[in-house]
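Trainee: sequence and predicted structure, then a few things I'm wondering about:
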Amino acid sequence: MSATVKSFWCALVLGAMTLLARGDVLVGTNGERFVGTVIVETSTNVVFESELAGRLTFPQSKIRDLLRATAVEVTNAAIASVATNTPTNTVSWKPPGVGHDGSDWVQLKSGEWLRGQLKYVQNKEVEFDSDELDQQTLKLKDVSKLYSAHRMFTQFEDQKPAYGRVVISNDLVMVTGAEPLSLHRDLLMGITPSGGKTGINNWSGNFNLALSLQSGNNDQTTVSTSAELARRTPNTTLLFDYLGNYSQVDNVQSANNERVNVTYDIRLNQDWFVRPVLLEYYQDSLANIAYRLTAGVGGGYYIFDRDELKWTVFAGPAYQYTKFSTVETNQADSASTPAAVLGSNFNADLTQRLTFIQSLQSIFTEKEAGQYTHHSVSTLEFEIKRHLNLDVSFIWDYLQNPQAKSDGDVPRNSDYYLTVGFGVRF
């Protein structure tokens with residue numbers, strides 16, 4: 001068998017394997033491209049199972065091309081590959097609008113393309129507002145290419161912020177501007193539309209709700225809510241965090257507490273960050289705390305900072321003021337004390353859609369303020385879709401020395417909560 005014939009059949013087999021692995025391809029009229037499987041096709045709609053976004057329904061009017069991975073297409077593609085000496089790998093395809101239509105573009109390693117607006121790149125995540133899929137949180141490791149339509153601020157380790165259009169191509173991050181820069185993506189710390197100026201594009205967040213209602217022999221209502229709002233620049237994060245729990249059994253409260261945290265982090269390099277702002281408000285009437293205010297500063301370290309594993313620790317001095325709901329006769333109704341704060345945040349991807357998140361904050365104070373408290377949240381987060389999660393959380397609040405109430409009753413040291421609810425990212 002001649003070398004030419006051998007080359008032809010090798011190209012044919014490789015082309016077949018490549019296209020069959022990629023599956024069907026749907027290209028929208030806006031240029032976005034999805035790889036997966038056509039489930040149903042009618043004269044009006046196409047139901048498409050995307051590798052990225054799950055099951056989607058597209059009107060025929062919004063579809064530019066629909067390519068099926070049939071044997072005929074595989075053969076023709078392989079023959080064309082030999083004749084023109086061009087690769088059949090669909091990952092090499094590039095939307096014609098890239099760099100010309102005023103939109104940002106992201107290509108995933110699956111070969112799918114998204115068109116829209118880049119919110120930020122930080123902590124190995126890419127927040128992207130897709131035309132077709134709305135807000136998406138992508139893993140940076142799953143992104144093959146990124147093209148920004150406008151100039152952005154990019155922060156590399158041990159470099160001053162660079163300002164210009166950004167291109168990520170495999171392992172390189174290139175910034176075009178007055179001072180062009182090209183560095184390995186492992187040195188990338190963050191990308192945002194602005195370097196600290198006010199703008200809605202720098203904000204993102206999520207909201208979670210768990211609700212349980214029971215009637216009959218016992219009437220019970222349980223509501224747990226949490227919310228997070230974050231503002232990001234290439235090397236800073238301003239975070240507002242809320243957690244509330246309320247429970248009532250037969251018209252008697254069994255839980256009623258709220259916690260608000262505000263932190264501001266400045267990342268110095270790949271390993272270290274400082275936290276010049278740490279604020280916490282907490283109230284729990286059943287634990288005899290009318291309100292408790294904590295203010296502190298400190299610094300932290302990234303033990304792990306990988307695509308699938310993140311672990312940071314934090315420590316610093318603080319000041320705490322506590323107002324008690326009721327107290328015994330001749331006892332002070334408040335306590336103020338210096339404090340020390342220790343914290344840990346752990347995040348691990350167990351599977352592509354299942355993530356384990358564990359956060360712990362411990363505070364050491366003088367005895368009259370409780371001496372030692374901690375707040376621990378352990379969460380299993382299952383990604384239903386890119387913007388919708390199912391969360392199962394176990395919450396443990398502990399106070400070593402609770403203040404006795406006016407009737408002499410001493411609250412228990414620990415409170416436990418198990419919540420199951422849905423979370424939405426925006």
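Mentor: That came through, no problem. Numbering: from 1, shown residues only.

Trainee: can you give me the helices in this protein?
Mentor: Along the chain, the segments classed as helices by DSSP state H run 3-22, 71-84.

Trainee: roughly how far apart are Arg33 and Leu26?
Mentor: Going from Arg33 to Leu26 by CB to CB, to the nearest Å gives 7 Å. Any C-beta I mention is one placed from the backbone N, CA and C, and that applies to glycine too.

Trainee: try Gln155
Mentor: Remark: distance between Gln155 and Leu26 (CB to CB) = 36 Å.

Trainee: Ser144 too?
Mentor: With CB to CB as the criterion, Ser144 and Leu26 are 19 Å apart.

Trainee: for those two, indicate the residue with more neighbours.
Mentor: Set Ser144 next to Leu26 and count neighbours by other CB atoms under 10 Å: Leu26 wins out with 24 against 17.

Trainee: and the chain, what are its domain boundaries?
Mentor: The record's domain split for the chain, according to automatic domain parsing, is 94-193, 202-425.

Trainee: wait, isn't Tyr282 in contact with Leu243?
Mentor: No. Under the criterion of CB atoms under 8 Å, Tyr282 makes no contact with Leu243, lying 9.5 Å away.

Trainee: tell me the pLDDT of Gln358.
Mentor: Reported pLDDT at Gln358 in the predicted model: 97.

Trainee: so what's the residue count around it?
Mentor: The tally of other residues near Gln358 (other CB under 10 Å) stands at 15.

Trainee: which strand residues bridge it?
Mentor: In this entry, Gln358 is beta-bridged to Phe346, Ser378, by DSSP bridges.

Trainee: also Gly116?
Mentor: Legend: beta-bridge partners of Gly116 under DSSP bridges are Asp104, Ser130.

Trainee: cool, the one 10 residues further on as well?
Mentor: Going by DSSP bridges, Val126 is paired in beta bridges with Val121, Leu138.

Trainee: just give me the neighbour total for it.
Mentor: 23.

Trainee: where does the stretch 1-150 of the chain have low pLDDT?
Mentor: By pLDDT under 70, the low-scoring segments of the stretch 1-150 of the chain are 1-22, 52-53, 70-92.

Trainee: check contacts around the most centrally placed residue in the chain.
Mentor: Nearest residue to the geometric centre of the chain (CA atoms, centre = their mean): Thr137, 5.7 Å. The contact partners of Thr137, taken as CB atoms under 8 Å, 6 or more residues apart in numbering, are Glu125, Val126, Glu127, Arg386, His387, Arg425.

Trainee: the last one: what's it in contact with?
Mentor: For Arg425, the contacting residues are Gln135, Thr137, Ser204, Gly205, Asn206, Arg386, His387, Leu388, Asn389, by CB under 8 Å, 6+ apart.

Trainee: dump these to a markdown table, plus distance to Glu366.
Mentor: Converted to a markdown table, the contacts of Arg425 look like this (distance: CB to CB, whole Å):
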| residue | distance to Glu366 |
| --- | --- |
| Gln135 | 45 |
| Thr137 | 42 |
| Ser204 | 38 |
| Gly205 | 36 |
| Asn206 | 36 |
| Arg386 | 47 |
| His387 | 45 |
| Leu388 | 45 |
| Asn389 | 40 |
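
Trainee: now the buried members of those.
Mentor: With neighbours counted by 16 or more other CB atoms under 10 Å, the contacts of Arg425 contain buried members at Gln135, Thr137, Ser204, Asn206, Arg386, His387, Asn389.

Trainee: Ser226 against Asn245, yeah?
Mentor: No. Here Ser226 lies out of contact with Asn245, judged by CB under 8 Å, at a distance of 9.4 Å.

Trainee: can you count the residues close to the closest residue to Lys367 other than its chain neighbours?
Mentor: Once flanking residues are discounted, Lys367 sits nearest to Asn401: 5.8 Å by CB to CB, 6 or more residues apart in numbering. Asn401: 16 surrounding residues under other CB under 10 Å.

Trainee: got a pLDDT number for Asn401?
Mentor: Reading off the confidence values, Asn401 has pLDDT 94.

Trainee: just the one 10 residues further on next, same as before
Mentor: Listed pLDDT for Pro411 reads 93.

Trainee: what does the one 3 residues further on give?
Mentor: Per-residue pLDDT puts Ser414 at 94.

Trainee: residues in contact with it?
Mentor: With CB under 8 Å, 6+ apart, Ser414 has these contacts: Trp396, Asp397, Tyr398, Leu399.

Trainee: go with 7 Å
Mentor: Applying CB atoms under 7 Å, 6 or more residues apart in numbering to Ser414 gives the contacts Trp396, Asp397, Tyr398.

Trainee: ditto for Leu380
Mentor: When contacts are counted by CB under 7 Å, 6+ apart, Leu380 touches Leu354, Phe356, Val392.

Trainee: turn these into a markdown table, including neighbour count and distance to Lys310.
Mentor: As requested, the contacts of Leu380 are exported to a markdown table (neighbours: other CB atoms under 10 Å; distance: CB to CB, whole Å):
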| residue | neighbour count | distance to Lys310 |
| --- | --- | --- |
| Leu354 | 13 | 15 |
| Phe356 | 13 | 11 |
| Val392 | 14 | 20 |
